[in-house]
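Engineer: turn this into a model:
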Amino acid sequence: MSLASTAWAAVRVIHPAPALAVTLLSAALGAILLTQASGGLDARWIVTVAAVAGSQVFTGAVNDLVDRGRDQAAGRTSKPLAGGDLTPEGALWVASGGLALQLAASLRLGTLPLLLGAAATVSALAYNLWLSRTPLSVLPYLISFGILPLWIASGVGVALDRVLPAVPLVAPFAAAAHLVNLARDFEIDRGTGSRNLVQVIGLRGAMWLAWGLAMAVGIGVGVALSVGGRTSLQTLAIGLAGLAAIAQGAGNAQRLWYGMLVAAVLWTVAWALSTG
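Structural biologist: Numbering: from 1, shown residues only. This next block holds a predicted model:
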């Protein structure tokens, strides 16, 4: 196996699309918060983004390590571990590197960012190890993504009350993202006896619930900000682009999943700009 193919497998094992989306929205939110507060970016922003990126690398690699046996049984050779493109030892090194990056960056930021980042990552780890195949599978999503704006604000040195209103808005969107992610693997999960939330609700109901929750978040926040006079043509356009990304995914788990990744970044930017 060539070095290039091994490197590509190491990238694939971290689940690059959601990892990149979370890192981008963290970078965007941190940049806007810091610019509004002090007028420019500094080293804390870079270190905070690095900490979030490290947590995403760790979480994605551990997820594939835990699911390796299930993926092999289901014949998912497109997965780097199940397909033999990456060894478990290699994935463990990737996960360890991500965790080391998160901890090293967080230690430079201080106690509060360290604790918040640790809580978000422990929640994700609980999902990977225990909760992903139970009806409680949504809980880590609610916890980790609820913590994320607080983690970013504390990392860049902005008061937490600046982002507190965003925390309850994250919950329904995080739940929707979780439902769609599980819907993509519905048949595989059913074949392996999983009892995650989508298996309990049913595929059709879970898809419509996810789409409705995501659309409701975008429309509800947009209306609230407009009524309060907090929108501009720029933020309105960004918000509508996010809605379009969600709308195109109705009834299709794969399209909705990628649409939600795009909307998450766009709506983070629109909310931060409108409320600053």
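
Engineer: any weak-confidence spans in the stretch 151-276 of the chain?
Structural biologist: The stretch 151-276 of the chain contains no residues with pLDDT under 70.

Engineer: please enumerate the helices of it.
Structural biologist: Secondary structure of the stretch 151-276 of the chain (DSSP state H, counting those that start in this stretch): helices at 166-184, 186-191, 197-201, 203-227, 233-247, 253-275.

Engineer: which secondary structure elements does the longest one sit against?
Structural biologist: In other words, helix 203-227. On a contact count with 3 or more C-beta pairs under 8 Å, 6 or more residues apart in numbering; DSSP states H and E, helix 203-227 meets helix 166-184, helix 197-201, helix 233-247, helix 253-275. C-beta: built from backbone N, CA, C; applies to glycine.

Engineer: go again with 10 Å.
Structural biologist: Applying 3 or more C-beta pairs under 10 Å, 6 or more residues apart in numbering; DSSP states H and E, one finds that helix 203-227 contacts helix 166-184, helix 186-191, helix 197-201, helix 233-247, helix 253-275.

Engineer: of all the helices of the stretch 151-276 of the chain, which lies closest to Ala7?
Structural biologist: helix 253-275 (23.1 Å; C-beta to C-beta).

Engineer: helices and strands around that closest one, which ones?
Structural biologist: helix 16-38, helix 139-156, helix 166-184, helix 203-227, helix 233-247.

Engineer: one step back: among the helices and strands packed on helix 203-227, which comes closest to Ala51?
Structural biologist: Nearest of those (C-beta to C-beta): helix 253-275, 17.1 Å.

Engineer: deepest-packed of the helices and strands packed on helix 253-275, please.
Structural biologist: Comparing these by mean neighbour count (mean count of other C-beta atoms under 10 Å), helix 139-156 comes out on top with a mean of 24.

Engineer: just the CA atoms of stretch 219-233, as CSV, please.
Structural biologist: The C-alpha coordinates for stretch 219-233 follow below in CSV (Å, rounded to 0.1, in the frame of the first residue of the first chain):
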residue,chain,number,x,y,z
ILE,A,219,-37.1,30.0,9.7
GLY,A,220,-37.8,30.6,13.4
VAL,A,221,-34.4,32.3,14.1
GLY,A,222,-34.7,34.3,10.8
VAL,A,223,-38.2,35.6,11.7
ALA,A,224,-37.1,36.5,15.3
LEU,A,225,-34.1,38.4,14.1
SER,A,226,-36.1,40.2,11.4
VAL,A,227,-38.8,41.2,13.9
GLY,A,228,-36.1,42.5,16.2
GLY,A,229,-34.5,44.5,13.4
ARG,A,230,-31.3,42.6,13.6
THR,A,231,-31.0,41.5,10.0
SER,A,232,-29.3,43.0,6.9
LEU,A,233,-29.3,42.1,3.3
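
Engineer: number the chain from 32, please
Structural biologist: Got it, the first residue is 32 from now on, which makes the last one we talked about stretch 250-264.

Engineer: which residues are contacting it?
Structural biologist: 196-197, 200, 203-204, 266-271, 273-274, 277, 298, 301-302, 304-307 (C-beta atoms under 10 Å, 6 or more residues apart in numbering).

Engineer: again, 8 Å this time
Structural biologist: 200, 266-267, 270, 274, 298, 302, 304-306 (C-beta atoms under 8 Å, 6 or more residues apart in numbering).

Engineer: cool, and stretch 104-119?
Structural biologist: Contacts of stretch 104-119 (C-beta under 8 Å, 6+ apart): 32, 36-37, 39-41, 43-44, 95-96, 98-99, 102-103, 122, 219, 222-223.

Engineer: residues of that stretch that come out buried?
Structural biologist: 105, 107, 110-113, 116-117 (16 or more other C-beta atoms under 10 Å).

Engineer: how about stretch 74-83?
Structural biologist: Here stretch 74-83 shows 75-76, 78-83 as buried, counting by 16+ other C-beta under 10 Å.
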